[in-house]
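In: Generate a structure from the sequence data that follows.
(chains A and B)
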Amino acid sequence: MTYTPQALIAEVTHRCPLHCVYCSNPLEMQRRSDELPTSDWISVFDQAAQMGVLQLHLTGGEPLARADIVDLVRAGRKSGLYVNLITSGVGLDEARLDSLIEAGLDHIQLSFQDVEEAEANEFAGTRAHALKVRLAAIIRTRRIGFTINIVVHRRNLHRLEEMIAFAEQSGAQRLEIANVQYYGWALRNRDALLPTRDQLRRCVETLEAARERLKGRLRIEFVLPDYYAKYPKPCMNGWGRQLMLIDPAGRVMPCHAAGVIPGIEFPNVREKPMRWIWEDSPVFKRFRGEDWMPEPCRTCDRRERDFGGCRCQAFLLTGDENATDPVCILAPSHNIVEEVVLRVNESGAAPSDSRWVYRIDPPARVDVLPSAH
Amino acid sequence: MKDIVIATVPRLAPGCRLGTSDAQKNVLLVPEGALRMKGPARVILELCDGQRTVGKIVEELSILFPAENAARIESDVTDILTRLRDRGVVEGL
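Out: Have a look, this model is predicted:
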């Protein structure tokens, strides 16, 4: 079986002016001095397009922290890729937006941490919310694809209706309500972030009503926190099947979090052609197909639907990257997830004394700061 | 959802465009990925340029495909455009 990569996620820098308490970047971040230069990224985009990749997602960190971001957009588009910029908005103004559009940017995804300014700034560890609101008003006056992404968790899920109303009046075409996924920095803050079962139930009701009401005007995507799912998510639609990610230093991975799995040497675009990395590198072949699967996955009817779930989550929660994803009710280690869910539901919604662990960059250093509340 | 009006002028929504290379010939690129186009969808979408009305698109397709029944072409065009409009890919209808 051969696979064609559909999307390339280019983490062009790990530098970021935000310090979100659920940051999905790896704990060990790449330094500015190790970042790939413009010419290497241009070669990467060309190779990706030749391999059949359709979409390029420029992300980070904050991709606008790169002085050459307009050149990167132009190069991606010139290679034939659909170019999406995933941004916090910090570093964007009207003139730079227009340069990006002129360079061929197809779509912009603007992230929000909440609709309430004080809370948004608290979760981001930065005062960026007011700027984002101003930017949204500018973006909607341009002819460009526009998605608003709002990250949700226990402390803000009760404002879902306000979030939807905000997206509706912002003029975005799409709204992504993304529940925090527990990797990277988010795992450290998991007990303060994981929603309760009751919150989720209300949230699904609100979403269903809003989708019906906004049909044809605003598309709403929703990412469920997989701790509450019965079966695991088909992570990345299978390891090495559709997606490749390149980190700021040029290391190629099958997903954002794969760096947590010990003992993997990730091939680098400075040394190897992308086609070899995709087709032949041991990393990309490691969890392709079913040979690696343990029981109960190996004989499970769902193995072609969820591919045994997420390898990174399996490692993070059980210490074994070959294990069935513990969120699966059939997993031998499912009790690990059940215990977390039970603890969170007993402690109830919106703890008033959350103390976030903020990430400070660079270098990564752990500080415990008192919450703004 | 309301029916397609023949006098309206459709165009691709922002963030949606047809693939440019040979490999992307039957692909409509959209914010969340790519839609594979089957049948006459590609030709119809090429004519959704913000200038032509739905009526004009039907007329041009009738010239391109003289063997097809004109009423059939019109119903194909309105079916496809209705689906793409409801999917948020085509606007102006």
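In: Tell me where the chain has helices.
Out: No chain specified, so I'll use chain A. With DSSP state H as the criterion, chain A has helices at A:38-50, A:69-78, A:94-102, A:117-124, A:129-139, A:160-170, A:184-188, A:190-193, A:197-213, A:274-280, A:282-285, A:303-306, A:311-318, A:334-347.
In: Let me rephrase: I mean chain B.
Out: B:41-47, B:54-64, B:70-86.
In: Go through the ones you listed and name the closest to A:Ser24.
Out: helix B:70-86 (32.5 Å; CB to CB). Yep, even glycine has a C-beta here, placed from its N, CA and C like the rest.
In: Report the closest residue of chain B relative to chain A.
Out: For chain B, the residue positioned closest to chain A under CB to the nearest CB is B:Gly15, at a distance of 1.6 Å.
In: how many other residues sit next to that residue?
Out: 24 (other CB atoms under 10 Å in any protein chain shown).
In: how about the residue in the stretch 251-373 of chain A that chain B sits nearest to, what does it touch?
Out: Here the residue of the stretch 251-373 of chain A nearest chain B is A:Arg275; by CB to the nearest CB that distance is 14.2 Å. Going by CB atoms under 8 Å, 6 or more residues apart in numbering or on different chains, A:Arg275 touches A:47, A:50-51.
In: filter the residues you listed to the buried ones?
Out: For the contacts of A:Arg275, a burial check counting by 16 or more other CB atoms under 10 Å in any protein chain shown picks out A:47, A:51.
In: Would you reformat the contacts of A:Arg275 as a markdown table and include pLDDT and distance to A:Gln313?
Out: Output for the contacts of A:Arg275, formatted as a markdown table (pLDDT from 0 to 100; distance: CB to CB, whole Å):
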| residue | pLDDT | distance to A:Gln313 |
| --- | --- | --- |
| A:Gln47 | 98 | 30 |
| A:Gln50 | 95 | 33 |
| A:Met51 | 95 | 28 |
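In: Quick check: chain neighbours aside, which residue is closest to the closest residue to chain B within the stretch 1-150 of chain A?
Out: Nearest residue of the stretch 1-150 of chain A to chain B, counting by CB to the nearest CB: A:Gly145, 1.6 Å away. Distances taken as CB to CB, 6 or more residues apart in numbering or on different chains put B:Gly15 closest to A:Gly145, at 1.6 Å, once the chain neighbours are dropped.
In: do A:Arg241 as well
Out: Per CB to CB, 6+ apart, closest to A:Arg241 is A:Tyr3, 4.7 Å.
In: next one: A:Leu187
Out: Here the residue nearest A:Leu187, using CB to CB, 6+ apart, is A:Leu316, at 6.3 Å.
In: hang on, that neighbour packs against A:Gln181?
Out: No: assessed by CB atoms under 8 Å, A:Leu316 is found out of contact with A:Gln181, at 10.8 Å.
In: What residues does chain A have near chain B?
Out: A:6-7, A:49, A:52, A:54-55, A:80, A:82, A:84, A:106-107, A:109, A:142-147, A:173-174, A:215-216, A:219, A:221 (CB under 8 Å from any CB of the partner chain).
In: try 10 Å this time
Out: Within chain A, the positions lying close to chain B (CB under 10 Å from any CB of the partner chain) are A:4, A:6-7, A:49-55, A:77, A:79-84, A:105-109, A:140, A:142-147, A:173-174, A:176, A:215-219, A:221, A:242.
In: out of these, which are inside strands?
Out: Taking DSSP state E, the ones among these that sit in strands are A:7, A:55, A:82-84, A:107-109, A:145-147, A:174, A:176, A:219, A:221.
In: Report the buried members of those.
Out: A:7, A:55, A:82-84, A:107-109, A:145-147, A:174, A:176, A:219.
In: which intervals of the chain have sub-threshold pLDDT?
Out: Went with chain A since none was named. For chain A, the stretches with pLDDT under 70 are A:348-355, A:359-373.
In: wrong one, chain B
Out: In chain B, residues with pLDDT under 70: B:1.
In: Could you pull up the residues touching A:Ile144?
Out: The contact partners of A:Ile144, by CB atoms under 10 Å, 6 or more residues apart in numbering or on different chains, come to A:85, A:97, A:100-101, A:105-108, A:173, B:14-15.
In: before we move on, the earlier item: quick one, which of A:Leu316 and A:Gln181 is more surrounded?
Out: Shown here are A:Leu316 and A:Gln181; by other CB under 10 Å, A:Gln181 has more neighbours (22 against 18).
In: Wait, that one touches A:Ser24, no?
Out: Yes: A:Gln181 is in contact with A:Ser24 according to CB atoms under 10 Å; the separation is 6.8 Å.
In: any common contacting residues for the two?
Out: A:151, A:256-257.
In: List only buried entries from the residues you listed.
Out: Among those, the ones that count as buried (16+ other CB under 10 Å) are A:151, A:256-257.
In: Mind checking which of these are in strands?
Out: A:Val151.
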